[in-house]
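[1] predicted model, plus sequence, below.
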Amino acid sequence: MKPDKELSRKLKSGQALGRLGEKLARQYLEKLDFRTVATNFRAPIGHRRDGHAVFGEIDIIAWDYSVTPATIVFIEVKTRSEVTLALPESAVNQGKQRRIRRTARVFRRITRLTEVPWRYDVVTIVISPCGRPTITLLSNLFSDQ
């Protein structure tokens, strides 16, 4: 297939690539019986030493109805236009996991979902030069431990 020039231009913008990845991830998850509750959920998770608030963000929060009991899933989406040195999921390091866990705790507390099962997934998307995405769901990639 011939590379799509318009797509190539869009993929050069990191934010545009991220938005495209999150849209593709939501569509993919819907086919797997996930139902989106929130996207780009942002919440204060603490303060820096200088007093400024620290915020966390979760790309997608969804119910997974393919399992019993249904499980609330906190999903980080990592999209790349190519895989050169590292896989997309390698960007979900310990610091990122800690921020996601803290943000998920805030979400569960404010929605009173503290007693339901939950997990942390990562969706990776690699978009080929011709625009074809390869989407992978890494279920339960990390935990609260």
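    Happy to help now that I have it.

[2] alpha carbons only for contacts and neighbour counts from here, please
    Fine.

[3] please enumerate the helices of the protein.
    With DSSP state H, the ranges of helices along the chain come out as 5-11, 14-31, 94-110.

[4] tell me the mean pLDDT for the last one?
    Across helix 94-110, the average pLDDT comes to 96.

[5] pull out the buried residues from it.
    Of the residues in helix 94-110, Q97, R98, R99, I100, R101, R102, T103, A104, R105, V106, F107 count as buried by neighbour count, 16 or more other C-alpha atoms under 10 Å.

[6] what's the answer for stretch 31-46, then?
    Neighbour-count burial for stretch 31-46 flags F34, R35, T36, T39, F41, R42, A43, I45 (criterion: 16+ other C-alpha under 10 Å).

[7] kindly report the same for stretch 45-58.
    In stretch 45-58, residues buried by neighbour count (16+ other C-alpha under 10 Å) are I45, G56, E57, I58.

[8] separation between L17 and S81?
    Plainly put, L17 is 8 Å away from S81 if you go by C-alpha to C-alpha, to the nearest Å.

[9] which strand residues sit across from the residue nearest the centre of the chain in the sheet?
    The residue at the geometric middle of the chain, judged as the C-alpha nearest the mean C-alpha position with C-alpha atoms, centre = their mean, is E76 (1.8 Å). Going by DSSP bridges, E76 is paired in beta bridges with V122.

[10] redo the helices of the chain as TSV? Include distance to I72.
    TSV is the format used below for the helices of the chain (distance: least, C-alpha to C-alpha, whole Å):
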stretch	distance to I72
helix 5-11	31
helix 14-31	13
helix 94-110	9
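
[11] which one of these lies closest to T71?
    Using C-alpha to C-alpha as the criterion, the shortest distance between T71 and these is 12.1 Å, found for helix 94-110.
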